[in-house]
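J.: Prediction below, plus the sequence it came from.
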Amino acid sequence: EGFASSLEDDYHQAQEVRSLGEELSIVGLHRLVEIQISKVLRGTFPGLAPAKKQDLIAGKSGLIDCPSLAGYDAANELRMINNCVKHNSSVVDIKLATAFPAWIEREPLEDLGTHYSRLKPRVIEYITAFVNEAHAKTTVFTSAPAAASPGVA
């Protein structure tokens, strides 16, 4: 009986570790999105106000119309899941349930590994689209070289 109880405890602990790993994967993927977008904005729009930068990182429209980019829905769902993990004890909040009806409000986030695998390719598509749009809209790389001083060859 003690051995069976020990196996049951080990099983539950393994499930907790698996769940934590899946949560960390979601948080990590979202953090990578934030890092990549931040780097792109730093290079393409170096003078962008911090608040406008944060809005773009959060997927709001500004210099770039984020919601129109390929993969936006996946990146937005990832952001909302990340927020539930970090700020709502891994329970679906009203924002996630309203935006993505497959999620049920007040239910625990489950099977995040499957969701990670589902979202990751589309999130990469979003980052690529964001990078392309930022480079298309910047003037940092297209400014004309400074005119040479008289007498300089």
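T.: That came in fine, so what should we check first?

J.: what packs against the lengthiest helix in the chain?
T.: Ordering each helix of the chain by length in residues (DSSP state H) puts helix 2-44 first. Applying 3 or more CB pairs under 8 Å, 6 or more residues apart in numbering; DSSP states H and E, we find helix 2-44 packed against helix 50-57, helix 72-87, helix 112-137. C-beta coordinates here come from the backbone N, C-alpha and C atoms, glycine included.

J.: Name the residues that touch the second one?
T.: So that's helix 72-87. 23, 26-27, 29-30, 33, 58-59, 66-67, 90-93, 95-96, 99-100, 109, 112, 115, 119, 122-123, 125-127, 129 (CB atoms under 8 Å, 6 or more residues apart in numbering).

J.: just the buried members of the residues you listed?
T.: With burial judged by 16 or more other CB atoms under 10 Å, the buried subset of the contacts of helix 72-87 is 23, 26-27, 29-30, 33, 59, 66, 90, 92-93, 96, 109, 112, 115, 119, 122-123, 125-127, 129.

J.: circling back to that earlier point, export the helices and strands packed on helix 2-44 to CSV and append columns for mean pLDDT and distance to Asp10.
T.: Below are these laid out as CSV (pLDDT from 0 to 100; distance: least, CB to CB, whole Å):
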stretch, mean pLDDT, distance to Asp10
helix 50-57, 96, 41
helix 72-87, 98, 25
helix 112-137, 97, 20
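
J.: out of those, deepest packed?
T.: Mean neighbours per residue, mean count of other CB atoms under 10 Å, is largest over the helices and strands packed on helix 2-44 for helix 72-87, with a mean of 20.
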